[in-house]
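Trainee: next come a sequence and a model predicted from it.
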Amino acid sequence: MFSNRKIILLILLTITLTLAVYWIAVVIPSRLAARTYEGAKQIGADFAKIFSFTPEVTVNNTVVLLQQSPVLELATLSQKFQHHYDWTNTWLGSTKKININGGFEAKVGFDLHRKFSIQINDDKAVVYLPPPQLLSIQPLDNVTFEDESGVWNWVSMEDRSKAMNAFTTDARKYAAGAGFVEAARESMVKQLTEILASHGKTVEVRFEEGPMLRPI
């Protein structure tokens, strides 16, 4: 037979074990989940502040934030450059030429139709995003033309239009291979590292094609 004292000790021990199990199984995970959620929300807020969009954030295989963006493209680099192009046309041995000089502004960044996500496990963050690309080029207002008509093959306004289209196409090819895309890649890696390091995370950045997201 148990004495009253032993019964009281047994009851106290049972209560203590129950509280300990509750604390370990419920309270601690709840607090960790709350801190995790708040941390993920803060990371999302930092991205929204800097880039005006929020990536998908996954913590320990659980999606905490979904990708949200008011735009379909994220331009992270804007670069102005000068370009020159010679347009020619020959008819019956007579050649006309248009020399074009002018500036462009190239914008390089990311297609947000594709997935941009961050997977966080403990103190490491792995960022998945599409490779940077040339998004657009826009001519500046300093384009100049030098016309040279042939003997019977004269320059017309239609020729000017064709030459301008060819000039823009050639400028796009130049911009795509001029190192602007690589500069955007390096800039993004640096910014991602700085943002996530401020939250105590080491960072690994992976550029990949990935599936396209369906427009909302």
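Mentor: That came in fine, so what should we check first? All of these numbers come straight from a predicted model, not from anything done at the bench. Residues are numbered from 1 along each chain as shown.
Trainee: what distance do you get for E73 to D46?
Mentor: 20 Å (C-beta to C-beta, to the nearest Å). (C-beta placed from N, C-alpha, C; glycine too.)
Trainee: hang on, I meant A175
Mentor: 30 Å.
Trainee: cool, I195 as well?
Mentor: Counting by C-beta to C-beta, the gap from I195 to D46 is 5 Å.
Trainee: comparing A175 and D46, which residue is more hemmed in?
Mentor: A175 (22 against 16; other C-beta atoms under 10 Å).
Trainee: wait, doesn't that one sit right on I137?
Mentor: Yes - between A175 and I137 there is a contact under C-beta atoms under 8 Å: 5.5 Å.
Trainee: who touches both of these two?
Mentor: Here A175 and I137 share the contacting residues F104, A106, scored by C-beta atoms under 8 Å, 6 or more residues apart in numbering.
Trainee: quick one: pLDDT of E194?
Mentor: Turning to E194, the model gives it a pLDDT of 91.
Trainee: give me the neighbour count for it.
Mentor: E194 has 12 nearby residues by other C-beta under 10 Å.
Trainee: assumed it was part of a strand.
Mentor: No - the assignment for E194, made by DSSP: H, G, I helix; E, B strand; the rest coil, is helix rather than a strand.
Trainee: against F207, how distant is it?
Mentor: Taken as C-beta to C-beta, the span from E194 to F207 is 18 Å.
Trainee: now swap in I195 and tell me
Mentor: Taken as C-beta to C-beta, the span from I195 to F207 is 17 Å.
Trainee: so what's I118 up against?
Mentor: Counting by C-beta under 8 Å, 6+ apart, I118 has contacts I43, P55, E56, V57, T58, A125, V126, V127, Y128, L196.
Trainee: mean confidence for the helix or strand containing T58?
Mentor: Assigned by DSSP states H and E, T58 falls within strand 56-59. Confidence for strand 56-59, expressed as mean pLDDT, is 85.
Trainee: so how far is K97 from the residue nearest the centre of the chain?
Mentor: In the chain, the centroid-proximal residue (C-alpha atoms, centre = their mean) is F110; its distance is 4.6 Å. Applying C-beta to C-beta, the value for F110 to K97 is 39 Å.
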